[in-house]
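K.L.:
Sharing a model that was predicted from the sequence below.
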Amino acid sequence: MVEDSMKNIRAAKALGMKTILIMGKGRKQKALNKHGLDAEATKVGDAPDDCDPAVDAAVETVAEIDSILKEWKVLSA
């Protein structure tokens, strides 16, 4: 499941899916420094948080997803 909502990431993980969180350009580095506290959230508790155990991988942009899929051996290199 590829998603930018933590609510949906957690639901997908509860169903047994692998998850990729799209954090938004420039936000992954901020999250490394402040654990996602800088990120905007449309709803309380829905700010992107790559430290959440429901997140298997986190990227800033959709363009980075292929590298995760190659790492997981879903796509060939």
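P.N.:
Thanks, I have it.

K.L.:
List the contacts of Ala54.
P.N.:
By CB atoms under 8 Å, 6 or more residues apart in numbering, the contact set of Ala54 is Met6, Ile9, Arg10, Ala12, Lys13, Ala14, Thr19. Quick note: C-beta positions are derived from backbone N, CA and C, even for glycine.

K.L.:
out of those, who's nearest Asp46?
P.N.:
Comparing the contacts of Ala54 against Asp46 with CB to CB picks out Met6 as the nearest, at 5.0 Å.

K.L.:
So which of the contacts of Ala54 belong to helices?
P.N.:
When DSSP state H defines the helices, the subset of the contacts of Ala54 inside them is Met6, Ile9, Arg10, Ala12, Lys13, Ala14.

K.L.:
what's the first one in contact with, if anything?
P.N.:
Taking CB under 8 Å, 6+ apart, we find Met6 in contact with Leu21, Gly45, Asp46, Ala47, Pro48, Asp49, Asp52, Ala54.

K.L.:
related to what we said a few turns ago, quick one: least confident of the ones in helices among the contacts of Ala54?
P.N.:
Least confident entry in the ones in helices among the contacts of Ala54, by pLDDT: Met6, with 92.

K.L.:
Give the other helices and strands that the helix or strand that contains Asp66 contacts.
P.N.:
Asp66 belongs to helix 65-71 when assigned by DSSP states H and E. On a contact count with 3 or more CB pairs under 8 Å, 6 or more residues apart in numbering; DSSP states H and E, helix 65-71 meets strand 57-59.

K.L.:
Quick check on the ones in helices among the contacts of Ala54: which are buried?
P.N.:
Met6, Ile9, Arg10, Ala12, Lys13 (16 or more other CB atoms under 10 Å).

K.L.:
Which pLDDT does the model give the closest residue to the last one other than its chain neighbours?
P.N.:
Using CB to CB, 6 or more residues apart in numbering and skipping residues adjacent in sequence, the residue nearest Lys13 is Ala54, 3.8 Å away. Confidence per residue is given as pLDDT, and for Ala54 that number is 97.
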